[in-house]
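Q: the amino acid sequence is not available; the structure is as follows:
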């Protein structure tokens with residue numbers, strides 16, 4: 001796949017896709033992605049190999065290895081998305097910084113849905129080329145929206161693609177927020193809070209602040225930084241953070257009920273315990 005024009009953060013989407021290849025090959029897989037191999041390419045596999053070599057022997061207590069975390073996160077978002085669509089009351093889905101996301105192709109969609117994938121033009125073009133000849137899943141009308149969440153007016157681009165902001169939509173922000181500065185996160189969430197219709201479901205993941213500089217995973221953090229895609233922001237109180245922008249959410253640590261799937265091997269520290277490097281899987285609605 002031609003990844004010319006991908007910036008370092010966009011390249012991490014290829015790592016995530018290579019992780020989906022591995023997960024799909026497991027007999028106990030949490031999901032199946034038959035499109036991952038076409039999208040990861042040699043670059044994604046090489047990035048995965050770097051991470052695998054680095055993390056084979058050590059990781060932070062309470063954090064799963066990279067492959068298990070991505071498997072749990074993907075399945076969690078799949079499940080929350082299915083729940084949000086089950087009633088038939090929502091028929092728009094927005095996947096922000098979609099990268100190589102294949103939910104529009106691999107999931108079972110219960111009724112007709114418009115799926116809007118936001119990302120930079122170079123990423124969407126490479127994805128279109130790699131999936132040439134493949135059609136989205138039944139009931140899906142897929143709309144690629146070339147835009148940058150930080151520098152562009154993504155709301156205008158989304159509306160121009162046919163999105164109806166007065167109606168509810170499911171908003172998915174997977175693997176996005178910790179690559180943005182705190183100021184960029186503030187701007188994005190403030191814009192989203194003003195733009196999303198009341199009752200719109202939100203699904204995202206966040207890092208706790210301790211995870212930004214956890215000594216046991218210093219090597220992994222340094223590797224990401226060497227790629228030009230460091231983790232730069234997080235929050236230990238996702239509920240409070242998102243409440244400030246009009247969302248009522250629940251934050252779940254992987255390994256807790258609803259976010260385990262048999263892949264978490266460590267004890268999950270209570271959130272009252274200080275000094276823990278945490279990750280959060282978050283879902284809720286716009287008030």
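A: Thanks, I have the structure now. What you see is a predicted model, and the numbers here were worked out from it, not measured in a lab. Residues are numbered from 1 along each chain as shown.
Q: geometric centre of this structure: which residue is closest?
A: Most central in the chain under Cα atoms, centre = their mean is residue 174, positioned 1.4 Å from the mean C-alpha point.
Q: that one reaches residue 73, doesn't it?
A: Yes: look at residue 174 against residue 73 with Cβ atoms under 8 Å: they come within range, at 6.9 Å. All C-beta spots, glycine's among them, are computed from the backbone N, C-alpha and C.
Q: identify the residue spatially nearest to the residue nearest to the centre of the chain, adjacent ones excluded.
A: Nearest non-adjacent residue to residue 174, counting by Cβ to Cβ, 6 or more residues apart in numbering: residue 77, 5.7 Å away.
Q: so where's the stretch 1-150 of the chain uncertain?
A: The model of the stretch 1-150 of the chain has pLDDT under 70 over residues 56-65.
Q: rerun that using 90 as the cut-off
A: Scanning the stretch 1-150 of the chain for pLDDT under 90 picks out the ranges 1-5, 51-69.
Q: in its sheet, what does the strand or helix carrying residue 171 sit against?
A: Per DSSP states H and E, residue 171 falls inside strand 170-173. Counting by DSSP bridges, the strands paired with strand 170-173 are strand 92-95 (parallel), strand 201-207 (parallel).
Q: I'd like those strands laid out as a markdown table, including mean neighbour count.
A: Converted to a markdown table, the strands paired with strand 170-173 look like this (neighbours: other Cβ atoms under 10 Å):
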| stretch | mean neighbour count |
| --- | --- |
| strand 92-95 | 24 |
| strand 201-207 | 24 |
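Q: could these be laid out in TSV, adding distance to residue 157?
A: Shown next, in TSV, are these (distance: least, Cβ to Cβ, whole Å):
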stretch	distance to residue 157
strand 92-95	11
strand 201-207	20
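Q: can you pull the phi and psi angles for the residue nearest to the centre of the chain?
A: Dihedral pair for residue 174: phi -110, psi 130, per degrees, to the nearest 10.
Q: again, but for the one 5 residues further on
A: Reported as degrees, to the nearest 10, the phi and psi values for residue 179 are phi -90, psi -10.
Q: okay, now it: neighbour count?
A: Number of residues near residue 179 (other Cβ atoms under 10 Å) recorded here: 19.
Q: repeat that for residue 254.
A: Neighbours of residue 254 (other Cβ under 10 Å): 26.
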